[in-house]
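Student: I'd like to go over a predicted model; first the sequence, then the structure.
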Amino acid sequence: MPTKIKRLFFIVLLCSVPFIARSEIIIIENVSVEVQDLKGDSYRLLFNFALPALPDGINIDRAVISFGVNISENSENINLFEILAADANGEIAATSYNQNPVTGRIGKDKLGLTQIDLDITQLVDSWVNGTVKNDGIFVVSHRRIPEKILHKDKINLAPEFKQATVKIFYTALQ
């Protein structure tokens, strides 16, 4: 008898899961991009966007920023980015998040107009949970690689091809 009750309880629990959690997606199209020049024709990108009001107690499953670029030169050694938090002054923030930043990569076979998708889940989750303030996202050439991918001779922003957008996938518990 206890085994039948356990099975019945499990079936009822399994059937109620779709009513407990609900997956949602938010697409943010109002994303501003600022190209900040650095020495030697290299640059960094500062993305700013406002997070919409989100329900309490959500789980950020995935967040992606997508934007268009024109790649004129690519190499296996120079195709890494770092994704860093910005501060209120438009500089790289001094946060623990930046000590172990997320990296993104361009495939070595990419040339010409292409879309770059970078995973910003960790940073968006930090914003939602209040551990980091949303003052924007920096995309920079990997700091440990001397040859910079964000260099005017190698890759340029192409908003006419693909405007910057952010997609946030989250699960809301009900």
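Tutor: Sure, I can see it. No experiment lies behind these values; they were computed from the predicted model shown. Numbers count the residues shown, from 1 in each chain.

Student: Direction included, what does the helix or strand where residue 166 lies pair up with?
Tutor: Under the criterion of DSSP states H and E, residue 166 resides in strand 165-173. Looking at strand 165-173 with DSSP bridges, its partner strands are strand 21-28 (antiparallel), strand 58-71 (antiparallel).

Student: Skip ahead from the last one and say which helix or strand is next.
Tutor: On the C-terminal side of strand 58-71, the nearest following helix or strand under DSSP H and E is strand 80-85.

Student: what angle do that following strand and strand 58-71 make?
Tutor: In terms of direction (axes from the mean of the first three to the mean of the last three Cα atoms, to 10 degrees), strand 80-85 departs from strand 58-71 by 130 degrees.

Student: Direction included, what does strand 80-85 pair against?
Tutor: Here strand 80-85 has these sheet partners by DSSP bridges: strand 102-105 (antiparallel), strand 137-141 (antiparallel).

Student: any low-confidence regions in the chain?
Tutor: 1-2, 4, 6-21, 74-79, 95-102, 105, 107-109, 174 (pLDDT under 70).

Student: contacting residues for the one residue sitting closest to the centre of the chain?
Tutor: Centroid check for the chain by Cα atoms, centre = their mean gives residue 120 as the closest residue, at 2.1 Å. Contacts for residue 120 (Cβ atoms under 8 Å, 6 or more residues apart in numbering) come out as 63, 64, 65, 83, 102, 137, 166. For the C-beta atoms, the positions are set from N, CA and C on the backbone; glycine is no exception.
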